[in-house]
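[1] Return a 3D structure for these sequence lines:
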Amino acid sequence: MIQDRHSIPSISEPRQLVQDLRERSRELGFAALAIAGVDLADAEQGLLDWLAAGFHGGMDYMARHGLKRARPAELVPGTVSVICVRMDYLTQAPLWEEDPARAAIARYAHGRDYHKVMRNHLQRLADYLQEQTGALGARVFVDSAPVLEVELATRAGLGWRGKHTLLLNRDAGSFFFLGEIYVDIALPPDAPQQAHCGRCTRCIEVCPTRAIVAPYRLDARRCISYLTIEHAGSIPEELRPLIGNRVYGCDDCQLACPWNRFAQLSTEADFAVRNGLDRARLVELFAWDEATFNARMAGSPIYRIGHERWLRNIAVGLGNAPGSPEVLAALESRREDTSALVREHVAWALAQHGQCGRVD
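    Numbers count the residues shown, from 1 in each chain. From the prediction side, this is the model:
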């Protein structure tokens, strides 16, 4: 827990402490570490405008948290500095999934759940920091609380915000995770990097659903990552054909970005591909019953969407796949599924292949 401001410890050599943290972070598998301040006041209006436009979709928690995302010292009283880290996650060179009969799954989800992996490493870094400073208060975050992580990482100099709204780095592209430690000591902040997107708009042009409505402005309601992961209900019919074979997330804006020529491979064993998710066929995955899904996806970020949404997403993929007896048989096998959500998407998929589908 962060301490009361009146008991904030004094660090005699803060720059040396940061250097020690960088060395320890590399030992723990982090690719970079930098320091940000906590004054994000000039990011508040952009956050309010984004919420007012409804671009957060069904993620009501984002509206409930409001400006707490832009006010670290309100989220964790006593915070005066934020330690930002980057961890690369690719274990093989990223390629487009060209075979529409295969399931396209976002690369970050091929291995173990990054929340658990990164949090474990980040907590060890926080423990090291506390060992070096005595009774220092520190709290770690990995995409698990109202934190403007890209904004903080940008201010810390880990990269710049790309037009797709993700963080970009000249030496590492964007295939990495971000994490933070909120601390109650003043550490010297790092200088921001200059942005290097220039006039490039490839990420905007390649987005299948046109979710990037303007540079640096994303409408989550149209984003395939939102639709296949965060969205709990029926996927809008007009967007289903555009999703193609993407059954969990989407990497298109990253794959199109020239800076990802410099994406770094990870040395983290937990990010290695599991269950053949880099080459799995839609028909194969659609055959998994709930027990198989739970067993195979235990420890995976995919586990949290549950079997029902998994089948919903794959049904859309099968509706967009080339017609074949195998594809039709797979869809027919779930025409009478116990889930109304699955039945609806199966019926749509069958209709895409000229088969009579019905929605109960």
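
[2] Need phi/psi at the residue lying closest to residue 126 once chain neighbours are set aside.
    Nearest non-adjacent residue to residue 126, counting by C-beta to C-beta, 6 or more residues apart in numbering: residue 138, 4.3 Å away. Heads up, the C-betas are built off the backbone N, CA and C, glycines and all. Note on residue 138: its backbone torsions stand at phi -150, psi 140 [degrees, to the nearest 10].

[3] ok, residues contacting the helix ranked longest in the chain?
    Longest helix in the chain, counting residues (DSSP state H): helix 114-133. Applying C-beta atoms under 8 Å, 6 or more residues apart in numbering, the external contacts of helix 114-133 come out as 9, 11, 17, 20-21, 24-25, 28-30, 83, 85, 87, 89, 108, 136, 138-140, 142-144, 177, 179, 181, 183, 185, 268, 270-271, 299, 301.

[4] repeat that for 7 Å
    For helix 114-133, the external contacting residues (C-beta atoms under 7 Å, 6 or more residues apart in numbering) are 9, 11, 17, 20-21, 24-25, 28-30, 85, 87, 89, 108, 136, 138, 140, 142-144, 177, 179, 181, 185, 268, 270, 301.

[5] how about the strands in the stretch 201-350 of the chain?
    Ranges of strands in the stretch 201-350 of the chain, per DSSP state E, counting those that start in this stretch, are 212-214, 217-218, 246-248.

[6] Show the secondary-structure elements that the last one is packed against.
    Yep, that's strand 246-248 we're talking about. strand 104-105, helix 306-320 (3 or more C-beta pairs under 7 Å, 6 or more residues apart in numbering; DSSP states H and E).

[7] Only the buried residues of the longest helix of the chain, if you could.
    When neighbours are counted by 16 or more other C-beta atoms under 10 Å, the buried residues of helix 114-133 are found to be 114, 117-119, 121-126, 128-129, 133.

[8] thinking again about what came up before, quick check on the contacts of helix 114-133: which are buried?
    11, 17, 21, 24-25, 28-30, 85, 87, 89, 108, 136, 138, 140, 142, 177, 179, 181, 185, 268, 270, 301.

[9] I'd like the distance between residue 45 and residue 297.
    40 Å (C-beta to C-beta, to the nearest Å).

[10] So for these two, which residue has more residues nearby?
    Taking other C-beta atoms under 10 Å, residue 45 and residue 297 do not tie; residue 297 has more neighbours (22 against 11).

[11] Can you give me every residue that contacts that one?
    residue 303.

[12] Next, give phi and psi for residue 51.
    Per degrees, to the nearest 10, the backbone of residue 51 is at phi -70, psi -40.

[13] likewise residue 81?
    Main-chain torsions, residue 81, degrees, to the nearest 10: phi -150, psi 160.

[14] where's it relative to residue 134, distance?
    16 Å.
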